[in-house]
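Colleague: Need coordinates for the following:
(chains A and B)
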Amino acid sequence: MIAEAGLALLWLAASLSLLQLVLGAAALRPGNEPMVGIVRPVAIAQGLLVGLSFLALIWLFLRTDLSVKLVAANSHSLKPWLYKFAGAWGNHEGSMLLWVTVLAVAGAGVALFEKRLRQDTLIATLAAQAVIGLGFYAYILFASNPFERLFPVPVEGNGLNPLLQDPGLAFHPPTLYFGYVGISIAFSFAVGALVTRDVGPAFARAMRPWVLGAWIFLTLGITAGSYWAYYELGWGGWWFWDPVENASLMPWLAATALLHSVTVLATRAGLRAWTIMLAVVAFSMSMIGTFLVRSGILTSVHAFAVDPLRGAFILALLTFYIGGALTLFGLRVRHVKEGSTFELVSREASLVLNNLLLSVILGLVFIGTLYPLITQALGREISVGPPYFNSAIGPIALALAAIMTLGPMLRWRRDELRALSARIAAPALLSAAVLLVVVLLAPGISWLPLLGLAVAPGVAVASLAPLWGRKLRRTPLFTYGMVIAHLGIAVALAGMAADSAFTQETLVAASPGQMIAAGPFNIRFVSAEPVAGPNWTAIEARLEARRGEGAPFPLTPQARLFDSPPTPTSETSIQTLWDGQLYAAIGDGDDQGRWQLRIWWKPFVTLIWAGGALVALGGFLALIGRLRRERRHRPEREAWA
Amino acid sequence: MKRLVLWLPLGAFLIFLAVVAAGLYTPRQEAVPSAMIGQPVPDFALQPAIPGRPGLTSAELRSGRPHLVNIFASWCLPCRTEAAQLAELNRRGIPVDGIAVRDREQDLAQFLATYGDPFRAIGADIDRRVQLDIGSAGVPETFVIDGRGIIRHQHIGAITDADLPEIMAAWQEASR
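Modeller: Residues are numbered from 1 along each chain as shown, chains lettered A, B, ... in the order given. Next comes the predicted model:
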């Protein structure tokens, strides 16, 4: 019954989204104003229904209802409850349902809370959100129904992909999706504004909190995903340039650029067409990412069952949505008024530079991700790895970090070069000093991490500049948000540079009893023993590590074999110290009792994720600050024209 | 002009569509063969991994004679199982050059002492740069390179007795 109810709710939600579209389109015609009032409740009801449908799927997974095909294929009665719960979205169909749920819930959120946007633009926005929803409802209902029954009912399920059997699965995908799919709101806002020709500061101020909200979730999702890859994959890296990582990074890059350009539009009425473009691009990147990962066109750890038909379906949706939005852009944006002008030395100019560099990085990631496809179309198989991405993107990202410090120091419209150089003198000197110290104390670091180490402290100090000489208690919360987010970038940069400059790697084949030197640590390989968990068995290496004469601590990496489906995984063991992490993984063994051990000492690597969390916290403070200010100065609601 | 610019994003998107549509309907090979087959070896000069013995340079690989280059490491367990096969290739008159990946001198010396030492020269590839440049993703891998320094054959994984004829054939091909 629950499966049928879930499916019925999904059908209902889909028809409501059709209704939302038709009513919205009708309400925009002159003379139909009374219909306006109905669109909001319809959007809210749609969000509610699809939310309930998703809850039905979670319920089926919690009960391990094996008569449902999806549950049988991806769950197992003996699985810990957390993985039964999270298993609901640890597969293709369930994650697509989560996708459309977030889409509809975000639309409902706009219908409920958006009070600043011009009425007709709001209706057009909700209609656009409904159009996106419709395509994905159709996709789920016709090509990947999560509620499909299975007959005869199997006695036991297949189990969840062991790589996904990790507490992170409970939080990472929903968080990421709220950002990844939540950014659809910006897309719909842009389409709505193009339809009603309402691209101005008021529109930008209305859009900003939604972009900010989605961006916070994206930032958190990417940060968490990076840490997951770091400890789950067992190779000590924190970013692999896997297509799916890129698929989450690309919307983030576009959303970050959008966040900055929308501020120019809100404050100075500039960058109108560009802001609209970015809003379209951000969610387009989400859809393209979904397509690349789900069609199986690129090889990725996140690819679920591959089915070219599904790929073709999503590709058709992409063509329609992105192609449609870009056509609308080409037709309409020339009617958008030009913004105000600004001088070369001004905050606008620095934000334009920020946008350009972010766009270049986005372009490089995009091309790098698609490059295997391009060469394949030309008849060669090739894979593009981290060397390309690191060497192409590293220098630009460094330049971006440096420019990031200039923006907040500059005044809007025009500023004096001399005043600027006085303001950046201290951070620049600090960076130069650090550069000198690092070169003297640790020669032989390659230039990119070296520059990163030098730039990071300068950026950290400079990011505090907006607080210099201000009354701290009277400074608005969103300024604190910006400061903390920029500081977070500096912290993450320091972590990345320290990790690539100072990581010490030890790869050995060792037998129990042996001593292993790894960086500043002496590690005793005590034993390798079999252990068992609820649905896995493992070989666990017991290691005892100590630095100098310090207290010893244990490390217990495991090579696990999951029962259902039988899959080996590597469970790393990580000890976090104040100045970094000691990371151990165990690989294959041989018949003479030797084991492959991989041990890394990674100084200050934790700063990477601490920085990511700071960036998200900064975004959160900025959001709260903006909303509080809006509430205080809410203009009279604009009358229906 | 300005109008044209506004249509650029759509144009870029259409190109993207063409590429992925082509990709979606092209049957794909599962294993990515090295794009380096038929290509000259990249330039490199590796220091000797064992002091007093020769290191390995790309100039050496282009010196007119074919080479068999084995990419290995002392920390790699499968590498231990192919020692007999490498020795067998030695016996059949094929010199073996080694590239030791992310390895340490004393570990390597012990590895050679324990499992035998078929190598004429061993270069130390500390940061994996040469391994990646030559188109190898893991250890062990073995390359057959002809006298002009062109990569002719790549064997992925440990060499077993069953692989020997294929490698011998590639060697004879490269010797011509």
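
Colleague: Next one: A:P387 from chain B, what distance?
Modeller: A:P387 sits at a distance of 6 Å from chain B (criterion: CB to the nearest CB, to the nearest Å). Bear in mind the C-beta positions are built from the backbone N, C-alpha and C, glycine included.

Colleague: what number of residues lie near that residue?
Modeller: For A:P387, the tally of surrounding residues (other CB atoms under 10 Å in any protein chain shown) stands at 13.

Colleague: Which helix or strand contains it?
Modeller: helix A:386-406 (DSSP states H and E).

Colleague: name the helices or strands packed onto that helix?
Modeller: When contacts are defined as 3 or more CB pairs under 8 Å, 6 or more residues apart in numbering or on different chains; DSSP states H and E, helix A:386-406 packs onto helix A:347-377, helix A:417-441, helix A:447-463, helix A:477-502.

Colleague: what about 10 Å?
Modeller: When contacts are defined as 3 or more CB pairs under 10 Å, 6 or more residues apart in numbering or on different chains; DSSP states H and E, helix A:386-406 packs onto helix A:243-268, helix A:347-377, helix A:417-441, helix A:447-463, helix A:477-502, helix B:129-133.

Colleague: if we look at the sheet, which residues does the residue nearest to A:G533 when sequence neighbours are not counted bridge to?
Modeller: Take A:G533 and drop its neighbours on the chain: the residue closest to it by CB to CB, 6 or more residues apart in numbering or on different chains is A:R560, 7.7 Å away. On the basis of DSSP bridges, A:R560 takes part in beta bridges with A:A538, A:T569.

Colleague: so A:R560 touches A:P534, yeah?
Modeller: No - the pair formed by A:R560 and A:P534 falls short of the contact definition of CB atoms under 10 Å, at 11.7 Å.

Colleague: And the strands in chain B?
Modeller: Counting by DSSP state E, chain B forms strands over residues B:45-46, B:56-57, B:67-72, B:96-101, B:119-125, B:141-145, B:151-156, given from the N-terminal end onward.

Colleague: circling back: alpha carbons of the helix holding A:P387, as PDB, please.
Modeller: In PDB, the C-alpha atoms belonging to helix A:386-406 read as follows (Å, rounded to 0.1, in the frame of the first residue of the first chain):
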ATOM      1  CA  PRO A 386      44.800  15.800 -11.600                       C
ATOM      2  CA  PRO A 387      48.000  17.100 -13.200                       C
ATOM      3  CA  TYR A 388      46.000  19.000 -15.800                       C
ATOM      4  CA  PHE A 389      43.500  20.400 -13.300                       C
ATOM      5  CA  ASN A 390      46.100  21.300 -10.700                       C
ATOM      6  CA  SER A 391      48.400  23.000 -13.100                       C
ATOM      7  CA  ALA A 392      45.700  24.800 -15.000                       C
ATOM      8  CA  ILE A 393      43.500  25.900 -12.100                       C
ATOM      9  CA  GLY A 394      46.000  26.300  -9.300                       C
ATOM     10  CA  PRO A 395      47.600  29.600 -10.500                       C
ATOM     11  CA  ILE A 396      44.200  31.200 -11.400                       C
ATOM     12  CA  ALA A 397      42.800  30.200  -8.000                       C
ATOM     13  CA  LEU A 398      45.700  31.800  -6.300                       C
ATOM     14  CA  ALA A 399      45.300  35.000  -8.300                       C
ATOM     15  CA  LEU A 400      41.600  34.900  -7.400                       C
ATOM     16  CA  ALA A 401      42.400  34.600  -3.700                       C
ATOM     17  CA  ALA A 402      44.700  37.600  -3.900                       C
ATOM     18  CA  ILE A 403      42.100  39.700  -5.700                       C
ATOM     19  CA  MET A 404      39.500  38.600  -3.200                       C
ATOM     20  CA  THR A 405      41.300  40.700  -0.600                       C
ATOM     21  CA  LEU A 406      41.200  43.800  -2.700                       C
END
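
Colleague: relative orientation of that helix and helix A:477-502 in degrees?
Modeller: Orientation of helix A:386-406 against helix A:477-502 (axes from the mean of the first three to the mean of the last three CA atoms, to 10 degrees) gives an angle of 140 degrees.

Colleague: residues of helix A:386-406 that come out buried?
Modeller: Taking 16 or more other CB atoms under 10 Å in any protein chain shown as the neighbour-count basis, helix A:386-406 is seen to contain the buried residues A:389, A:392-394, A:397-398, A:400-406.

Colleague: picking up where we left off before, count the neighbours of the residue nearest to A:G533 for me.
Modeller: 22.

Colleague: which residues touch it?
Modeller: Applying CB atoms under 10 Å, 6 or more residues apart in numbering or on different chains to A:R560 gives the contacts A:162, A:165, A:531-533, A:535-540, A:567-571, A:586.

Colleague: Give me the neighbour count for A:G469.
Modeller: Look at A:G469: counted by other CB under 10 Å, it has 6 neighbours.

Colleague: Quick check, pLDDT for it.
Modeller: pLDDT, the model's per-residue confidence, is 79 for A:G469.

Colleague: Quick one: classify it as helix, strand or coil.
Modeller: The three-state assignment at A:G469 reads coil, by DSSP: H, G, I helix; E, B strand; the rest coil.

Colleague: Phi first, then psi, for it.
Modeller: Phi and psi for A:G469, reported as degrees, to the nearest 10, are phi 60, psi 20.

Colleague: now it: how far from chain B?
Modeller: Distance, A:G469 to chain B, by CB to the nearest CB: 42 Å.

Colleague: Which parts of chain B are helices?
Modeller: Secondary structure of chain B by DSSP state H: the helices cover B:2-24, B:58-61, B:78-81, B:83-91, B:105-115, B:129-133, B:164-175.

Colleague: Grab the nearest non-local neighbour of A:L49.
Modeller: Closest to A:L49 by CB to CB, 6+ apart is A:A13, at 3.9 Å.

Colleague: which stretch of helix or strand covers the one you found?
Modeller: Under DSSP H and E, the secondary-structure element containing A:A13 is helix A:2-27.

Colleague: Show me the domain layout of chain A.
Modeller: According to automatic domain parsing, chain A comprises the domains A:1-159, A:504-603.

Colleague: where does A:W601 land on pLDDT?
Modeller: Per-residue confidence (pLDDT) for A:W601: 95.

Colleague: Am I right that it is in a strand?
Modeller: Yes - read with three-state DSSP, A:W601 is one of the residues of a strand.

Colleague: What's the local residue count around it?
Modeller: The burial count assigned to A:W601 is 23, neighbours taken as other CB under 10 Å.

Colleague: Kindly report the same for A:N32.
Modeller: Other residues within reach of A:N32 by the criterion other CB under 10 Å amount to 12.

Colleague: cool, A:A419 as well?
Modeller: When neighbours are defined as other CB under 10 Å, A:A419 has 12 of them.

Colleague: again with the one 3 residues further on
Modeller: The number of residues packed around A:A422, counting by other CB under 10 Å, is 11.

Colleague: quick one: the closest residue to A:L370 other than its chain neighbours from A:G296, how far?
Modeller: Once its chain neighbours are removed from consideration, A:L370 has its nearest residue in B:V19; the separation is 6.5 Å (CB to CB, 6+ apart). Plainly put, B:V19 is 16 Å away from A:G296 if you go by CB to CB, to the nearest Å.

Colleague: do A:Q514 as well
Modeller: Per CB to CB, A:Q514 is found 43 Å from A:G296.

Colleague: higher neighbour count, these two?
Modeller: A:G296 (18 against 15).
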